[in-house]
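Asks: Output the structure for:
(chains A and B)
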Number of protein chains: 2
Amino acid sequence: MKNSITTKLLVLISFMFISACGADNVSEREWRALDLNNTVLLTLPHGKVVIELAPQFSPKHVEQFSALVKKSFYDGEKFYRVIDGFVAQAGPKDNSTKDKSVLTLAIEGQFETDKNWVFTPVQTDDLFAKKTGFKQGFAVATDDNDSAWLTHCPGTLAMARGNEANSASSHFYFVIGQAPRYLDKIMTIFGRVVYGMEHIQAIQRTAVVEGEYAVDSRKHTPIVNMKLMADVPINERIIIEVENTESTQFTERLVKRRARKNEFFYQKPPPVLDVCQVPIRSRLVK
Amino acid sequence: MKNSITTKLLVLISFMFISACGADNVSEREWRALDLNNTVLLTLPHGKVVIELAPQFSPKHVEQFSALVKKSFYDGEKFYRVIDGFVAQAGPKDNSTKDKSVLTLAIEGQFETDKNWVFTPVQTDDLFAKKTGFKQGFAVATDDNDSAWLTHCPGTLAMARGNEANSASSHFYFVIGQAPRYLDKIMTIFGRVVYGMEHIQAIQRTAVVEGEYAVDSRKHTPIVNMKLMADVPINERIIIEVENTESTQFTERLVKRRARKNEFFYQKPPPVLDVCQVPIRSRLVK
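Replies: This next block holds a predicted model:
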C-alpha cells in the first residue's frame, strides 16, 4: 500500500514539475517533421543513415559540415577510428592537403541561456549535471549557470579535435557506446542519428584487443556518400518525423517511464531517468 | 591554480578511499585468466563472441545455462527480439515443446554481502545506487543494505523472464545500448561479453520504426552454435585474459580516468565515473 501511494505522489510531483518548467513549451503535436536542409543522408555500404543537424545549438559547426557535405568532401573517406563501446570517427587522412584545406572552428560546446529558456526536464541531480532534459529532440544538460549544453548519448554526432579547444575542422564521430559524458562541453555536438543507428553500430571496428591481428585499413568502412536530404532526388529521400520532445505526449511518456507501472516491474526501480536511456522515437513517412 | 590543487586532493582522496575499501582485495596481477568451464564461445554467422559466466553471483542460472549450452539447446535458435540501443534477445519459439521443456528459475537478482565483503569502488551517489564498483570483472552496485547486485551495462548477459520474478528459463539477452539500469535487481545477470562485442552489435534488428516494412523473420540472426570453451577443440579455442579489477593497476587506472590529466582535457570534466562507461580490457592469449 505504502509503495502505491508513494508512486502516485511521485507521478503527481513529476506532473507538477513538468507543468512548472515547461509551461511555455508544450505543444499538442506528437511528431515533428525534419527540415530537409538540416538533415543528412549518409550512405554506408551496408545501409542508410539519417542525421538531424542542430544549427540552433552549434550554428558554425553545422554551417561548415553542411558546406563540406554539399561539395561531397566526405564521399569515399573512411571510418578510421572505430572503438567498440565508444566512437566511430571519420575524416580525410591526417595532415593531407584535403585535411588542411578546411578551416578550424571555434568550439560551440555550450550555449547561453536566460531566465526565459525552457526545456523538457528529465532528471535533477544527474551524475554529471544538476539537470538533464530534452530540447527540440536533443539531450541537454545544465548546471543553471546561464548556460546549457548538448550531452553525449549513443547516436550523438560531434566534431573531433586536437588538444586545443578551437581545433575542430572536418573529422567527426558518432557515439556508439555508453554515453561518454565526460566529453560534454569540451567537444561540439552538432547532430544526432534519427534513423539507421544499427548501421552505425555495424561499422568495422579498427581498434583490436591486445594479441589480435590489426585490422587491415582496406577493411575500414567507407562513406559511400553524404548528401543534404534537400539535395537528394525526391524518390530517393528518406523522410523521417521525430518525436516532438516539447509535446504533452512526450512529457507524459517520461512520467510513465519513471513510474514503471507495468506489471513486469514486480519491484519498482528507483524513480530516476538517465537522459541517454530515454529513446526519442522516429517514424518513416516515406 | 585552485583547480590543480583540487585535482590533487581528489586523486589523494580517491587513493585513500580505494585503500580503505579494497585493502584485502588488491593483487599485483594485472590480468586474469578465464575458467574455461565458465566461458562460452558463441558462434554467429558473422563472427565469434566470448562470454564470461558468473557462477559466483548467479549459480543456478549459470548451472542451467551451461547445461543447455552443453546439450546444444541454443544451436540454430534465433535472436528474435533485437531493439537497437536496448537488447538482443534469443531463445526457442515461445510455448514450443522445446521452450516448455526447461525448468523456471528462482531469480538471482541480488546477492547477500557482509561486513567483510569488498569490491573495487568506482562511484558514490551514482544515479541508481549509493555505490558502484567492480567485483571480479563485473560491474556491481550496492545501497549498503547487506546486499549488492550485478548492474546492467553494455555487454551484460541476463536471463529474460515473464511478469513473475521466478519465470526465467532459457531465453537470454545481451545489452546493446545505454545501460538499462532500471532492470537491475529484477532480472538475473549471469555473464558478460569479453570479446567480440562488435558482432553482438551487428545482430539483425527485429524491431522497426513506424512506417517501415517489418523485418522478415527469416532474416533474424541465428546462433550457429554455443559451446563451453572447455568443450571446444583446443585448436579452435579463443583464449582470453581479462583485466583483473582487483589489481592495484586497475585501481590506478580508475584514479587516472577520473582525474583526466591528459592535455586533451583543456577543461576537466566533473570527477565522477559512470561504472558502465569504464571499459574492462580483454586480451587474446591465443
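Asks: who in the stretch 1-150 of chain A is up against chain B?
Replies: Counting by Cβ under 8 Å from any Cβ of the partner chain, the positions of the stretch 1-150 of chain A adjacent to chain B are A:84-86, A:123, A:125-129. Backbone N, C-alpha and C define where each C-beta goes, glycine included.
Asks: By neighbours, which of those residues wins?
Replies: residue A:84 (25 neighbours; other Cβ atoms under 10 Å in any protein chain shown).
Asks: Now do the strands in the stretch 151-286 of chain A.
Replies: Secondary structure of the stretch 151-286 of chain A (DSSP state E, counting those that start in this stretch): strands at A:156-159, A:172-175, A:188-195, A:225-228, A:240-243, A:282-284.
Asks: between these, which gets nearest to residue A:217?
Replies: Proximity to residue A:217, assessed across the strands of the stretch 151-286 of chain A by Cβ to Cβ, is greatest for strand A:172-175 (17.6 Å).
Asks: Quickly run through the sheet partners of that closest one, with directions.
Replies: Sheet pairing of strand A:172-175 (DSSP bridges) gives strand A:87-91 (antiparallel), strand A:156-159 (antiparallel).
Asks: what does it rub up against?
Replies: Here strand A:172-175 makes contact (Cβ atoms under 8 Å, 6 or more residues apart in numbering or on different chains) with A:65, A:81, A:86-91, A:152-160, A:193, A:200.
Asks: Is stretch A:279-286 positioned near chain B?
Replies: Yes. Using Cβ under 8 Å from any Cβ, stretch A:279-286 comes into contact with chain B via A:279, A:281-285.
Asks: Mind putting those residues into JSON lines with neighbour count?
Replies: JSON lines is the format used below for those (neighbours: other Cβ atoms under 10 Å in any protein chain shown):
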{"residue": "A:279", "neighbour count": "19"}
{"residue": "A:281", "neighbour count": "14"}
{"residue": "A:282", "neighbour count": "24"}
{"residue": "A:283", "neighbour count": "17"}
{"residue": "A:284", "neighbour count": "16"}
{"residue": "A:285", "neighbour count": "14"}
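Asks: And the residues you listed, which is closest to residue B:187?
Replies: residue A:279 (18.8 Å).
Asks: How about the backbone phi and psi for that closest one?
Replies: phi -70, psi 140 (degrees, to the nearest 10).
Asks: quick one, what contacts it?
Replies: B:85-86.
Asks: Just the helices from the stretch 1-150 of chain A, written as ranges.
Replies: Under the criterion DSSP state H, counting those that start in this stretch, the stretch 1-150 of chain A contains helices at A:2-22, A:59-70, A:97-100.
Asks: what's stretch A:77-93 in contact with?
Replies: A:73-74, A:98-99, A:160, A:170-178, A:180, A:200, A:203-207, A:217, A:220-223, B:154-155, B:197-198, B:201, B:279.
Asks: for that stretch, which positions count as buried?
Replies: By 16 or more other Cβ atoms under 10 Å in any protein chain shown, the buried positions in stretch A:77-93 come out as A:77-92.
Asks: May I ask which two of the residues you listed are separated the most?
Replies: A:85 and A:92 (25.3 Å).
Asks: ok, back up a step: the strands paired with strand A:172-175: which one's closest to residue B:31?
Replies: Closest among those, using Cβ to Cβ: strand A:87-91, at 25.5 Å.
Asks: re earlier: PyMOL command for the buried members of the contacts of stretch A:77-93?
Replies: In PyMOL syntax, the buried subset of those is picked out as below (16+ other Cβ under 10 Å):
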select buried, (chain A and resi 73+74+160+170+171+172+173+174+175+176+177+178+180+200+203+204+205+206+220+221+222+223) or (chain B and resi 154+155+197+198+201+279)
